[in-house]
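[1] Sharing a sequence plus its predicted fold:
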Amino acid sequence: MGRFSNGLNIKSSNFVNAFTELMKKRGFVPCDESVAELSYFVEQGGEWAALAGEDYTDNPSHSESDLALIVQELKVPAFSVEVVDSDFAVLNLNGSEVIVGDGSGYGIEDAPSADRAVWEPLLTNGTFEDLMDFWENEEVFVEDALCSSAPLFGIEPPTLIVPDFRDFSEDTDNKNVTALYFRKVLKIGL
C-alpha cells in the first residue's frame, strides 16, 4: 500500500507570517493545539513553503479552497499536490491540472498533461522539457518523480514538493517545520 497525501507548495519566503495574517482576516486566531479547530504544518525552504493541513487528505476540497485563497490574497504562485496510493499525483496550478504517474488503475486513461504556459514560468533551474522528462518517467513511487523535479522549481529540500501532515507531525527534530493552530474568533454581541 502506498502513500496518500495532500498539500500545497507556495512560492513565498515569509509564508508563516503571511498565512497567519490571512487566517486572521478569515476570522481565525492563533491558539494552543488543545483548542485548535484547524491545524497546519509549514516547512519553509528558501523561496518555497510547503503547507499541509490536518484534514487535507480526508477533505481535498479544503486544500483547494486554501490554495485559491492563498493565491488570491497573497498574490503568490502556489500549487496543490495530491498523491494517490503512491501511484499517481494530481497537481493543480491556476486551475490547470496535470496527472503525474499512472492513474489507469483508478480509471484515469486520458490523464491531463502539463500546460507549458502555466507551469514553465515557475521553473528556475531547467526547461519545460526537463520537467516533462521527470514527470513522464515511470517511477515505482510517484513521489520519486516529483522529488526529482523539485529542484527545477527551486524547491529545496526536494521532499517539500510532497508535503504530508503525518510526516511533519512525526519529524519533531526538523527545525524548519512550524506548527500552526487556529480557532474561530467568537463574536459576542451586546
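    Yep, that arrived.
[2] Grab the longest helix from this structure for me.
    The helix spanning the most residues in the chain, taking DSSP state H as the definition, is helix 60-74.
[3] contacts for the helix or strand where D133 lies?
    Assessed by DSSP states H and E, D133 sits inside helix 128-135. For helix 128-135, contacts defined as CB atoms under 8 Å, 6 or more residues apart in numbering pick out 98, 100, 113-114, 116, 119-120, 123, 145-146, 148-149, 152. Quick note: C-beta positions are derived from backbone N, CA and C, even for glycine.
[4] Counting neighbours, what do you get for the nearest residue to F15 once chain neighbours are set aside?
    Closest residue to F15 apart from its sequence neighbours, by CB to CB, 6 or more residues apart in numbering: A49 at 3.6 Å. Per other CB atoms under 10 Å, the neighbour tally for A49 reads 28.
[5] now the strands for the protein?
    5-11, 28-30, 38-45, 48-53, 78-84, 88-93, 96-101, 177-184 (DSSP state E).
[6] mind listing what's buried in the last one?
    Residues of strand 177-184 classed as buried under the neighbour-count rule (16 or more other CB atoms under 10 Å) are V177, T178, L180, Y181, F182.
[7] Restricting to C-alpha, output that strand in CSV.
    Taking C-alpha atoms only, strand 177-184 is exported to CSV below (Å, rounded to 0.1, in the frame of the first residue of the first chain):
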residue,chain,number,x,y,z
VAL,A,177,8.8,23.0,10.4
THR,A,178,6.3,25.3,12.1
ALA,A,179,3.1,24.0,13.6
LEU,A,180,0.2,26.5,13.3
TYR,A,181,-3.1,26.1,15.2
PHE,A,182,-6.1,28.3,14.8
ARG,A,183,-9.6,28.7,16.3
LYS,A,184,-12.5,30.7,15.1
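[8] Remind me what that strand packs against, helices and strands.
    With contacts taken as 3 or more CB pairs under 8 Å, 6 or more residues apart in numbering; DSSP states H and E, strand 177-184 sits against helix 15-25, strand 28-30, strand 38-45.
[9] In JSON lines, list the ones you listed along with distance to S65.
    Shown next, in JSON lines, are the helices and strands packed on strand 177-184 (distance: least, CB to CB, whole Å):
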{"stretch": "helix 15-25", "distance to S65": "12"}
{"stretch": "strand 28-30", "distance to S65": "13"}
{"stretch": "strand 38-45", "distance to S65": "12"}
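[10] and F4, how many neighbours?
    14.
[11] Report the contact partners of it.
    F4 touches T57, V83, V84, D85, counting by CB under 8 Å, 6+ apart.
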